[in-house]
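Chemist: have a look at this prediction, sequence included:
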Amino acid sequence: MSVTPVRSFPDTSWAEHDHTSGATRAVEPVLEGGAVLAFPQLPFVLSDAEKRFLDPRWADGKAKNISLRWPSGEMRGAAGEAQDLADLKAMITRYAEQSEAFALRLFPHYRGHLKRGNTSFRPVDVAGRETSWRKDDTRLHVDAFPSNPMHGTRLLRVFSNVNPNGRPREWRVGEPFEAHAQRYLPKIGKPVPGAAWLMEKTGITKRRRTEYDHVMLQLHDLSKADTETQRTGPQADANFAPGTTWVVYSDQVLHAAMGGQHMMEQTFYLEPQHLQQPETSPLRVLERLMGRSLR
Ligand code: SIN
Ligand code: FE
């Protein structure tokens, strides 16, 4: 039984033009092949003043994350005085910029196509975060969102552990995407006729849920509900120590967050035709396995 690999790289700098720090370049095939890319010597550095933000009290209590939306740069989920909020926003913005420059160095093939999504700061402990089995990210899953149909667009994420007390971000990773899909596809039926139209019409979804989105949501839910495979299926622990940055296609890599506190995260979107190997995308893998178009 094979499990998602975690590949480590020696980079010590986020910067684009740095040939002295083990700068990794052009690793699209490793990422697209379904690995987690880990950079154990690439911390996101906070100033002494910014260390005050390593406290869950800055989260407003409604959201589990503090996030910036782009292109507006609007911040959501934070509570505090105006000056503190401005400083917090500057910190998260710096993460967006550093992780974007880094992603374009790692994946030059994506230049001009990678779209910046939300940037988040997660000061809340993973423990006690889940509210229902479907939202419980301590269960292995691929990312898929009920209200936000992706139509096959890739979800590339750059995470960095900024915990000040030596606590790792404790993840598990599961089997490769194709094996995961094969495990559950026999249980996935066709969408109910008219349901996608109705959900779009009533605003339950932001746009039309395609059959691709239907299958991805089913994979997410069937995996989280399958307590036996969660317990005994192919998997490995992956602990990311403070100072570690890691990069993953979270719509492809089966992952679970078991513990940890204080993390940065940047989401990028990429249309699957701009992959170096488009046939590795979940859309193309599912279309091949199911023998028809899912668009
Ligand atoms: C997730 O994407 O499932 C959670 C990642 C994390 O909070 O470490
Ligand atoms: Fe996830």
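Modeler: That came through fine. For clarity, every value in this text was computed on a predicted model and none was experimentally measured. Ligands and ions are numbered 1, 2, ... in the order given.
Chemist: going by C-alpha atoms from here, please, whenever you check contacts or count neighbours.
Modeler: Noted.
Chemist: name the single longest helix found in the chain.
Modeler: Secondary structure assigned by DSSP state H gives helix 82-106 as the longest helix of the chain.
Chemist: quick one: buried residues of that one?
Modeler: 84-85, 88-89, 91-93, 95-96, 98-106 (16 or more other CA atoms under 10 Å).
Chemist: over to stretch 54-69?
Modeler: Buried positions in stretch 54-69, judged by neighbour count with 16+ other CA under 10 Å: 54, 56, 58-59, 64-68.
Chemist: point me to the residue of the stretch 1-150 of the chain nearest ligand 1.
Modeler: residue 137 (4.6 Å; CA to the nearest ligand atom).
Chemist: residue 236 in helix, strand or coil?
Modeler: Using DSSP: H, G, I helix; E, B strand; the rest coil, the structure places residue 236 in strand.
Chemist: pLDDT score for it?
Modeler: With respect to pLDDT, residue 236 scores 98.
Chemist: my guess is it meets residue 170, correct?
Modeler: No. Assessed by CA atoms under 8 Å, residue 236 is found out of contact with residue 170, at 10.8 Å.
Chemist: just send the buried residues of stretch 54-69 back as TSV, with secondary structure too.
Modeler: Listed next are those as TSV, based on three-state DSSP:
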residue	secondary structure
54	coil
56	helix
58	helix
59	strand
64	coil
65	coil
66	strand
67	strand
68	strand
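Chemist: strands of the stretch 101-250 of the chain, start to end?
Modeler: Here the stretch 101-250 of the chain has its strands, by DSSP state E, counting those that start in this stretch, at 115-122, 154-161, 169-174, 235-240, 245-249.
Chemist: neighbours of residue 134, how many?
Modeler: Using other CA atoms under 10 Å, residue 134 has 15 other residues around it.
Chemist: list the contacts for it?
Modeler: By CA atoms under 8 Å, 6 or more residues apart in numbering, the contact list for residue 134 reads 221, 224-225.
Chemist: so which residues on the stretch 151-295 of the chain come close to ligand 1?
Modeler: For the stretch 151-295 of the chain, the contact set with ligand 1 under CA under 6 Å from any ligand atom comprises 256-257.
Chemist: residue 288 belongs to a helix, doesn't it?
Modeler: Yes. Using three-state DSSP, the secondary structure at residue 288 is a helix.
Chemist: make 261 the starting number, not 1.
Modeler: Sure thing, new numbering starts at 261, so read that last one as residue 548.
Chemist: distance check, it against residue 541.
Modeler: Distance of residue 548 to residue 541, computed by CA to CA, to the nearest Å: 11 Å.
Chemist: now residue 409
Modeler: From residue 409 across to residue 541, the span is 16 Å (CA to CA).
Chemist: so these two - more neighbours on which side?
Modeler: For residue 409 versus residue 541, the count of surrounding residues by other CA under 10 Å is larger for residue 541: 24 against 21.
Chemist: kindly check the end-to-end length of stretch 435-450 for me.
Modeler: By CA to CA, the extent of stretch 435-450 from end to end equals 24 Å.
Chemist: do stretch 490-506 as well
Modeler: From its first residue to its last, stretch 490-506 covers 23 Å (CA to CA).
Chemist: what of stretch 535-553?
Modeler: Using CA to CA, the end-to-end distance of stretch 535-553 comes out at 18 Å.
Chemist: hmm, back to that, contacting residues around the longest helix of the chain?
Modeler: The list of residues contacting helix 342-366 from outside it, by CA under 8 Å, 6+ apart, reads 274-276, 284-288, 304, 306, 310, 313, 328, 335, 338-339, 370-371, 376, 379-381, 418, 524, 526.
Chemist: in helices only, show me these.
Modeler: Per DSSP H, helices hold the following members of these: residue 288.
Chemist: which among the contacts of helix 342-366 end up buried?
Modeler: Buried among those (16+ other CA under 10 Å): 274, 276, 284, 288, 304, 313, 328, 335, 338, 370, 376, 379-381, 418, 524, 526.
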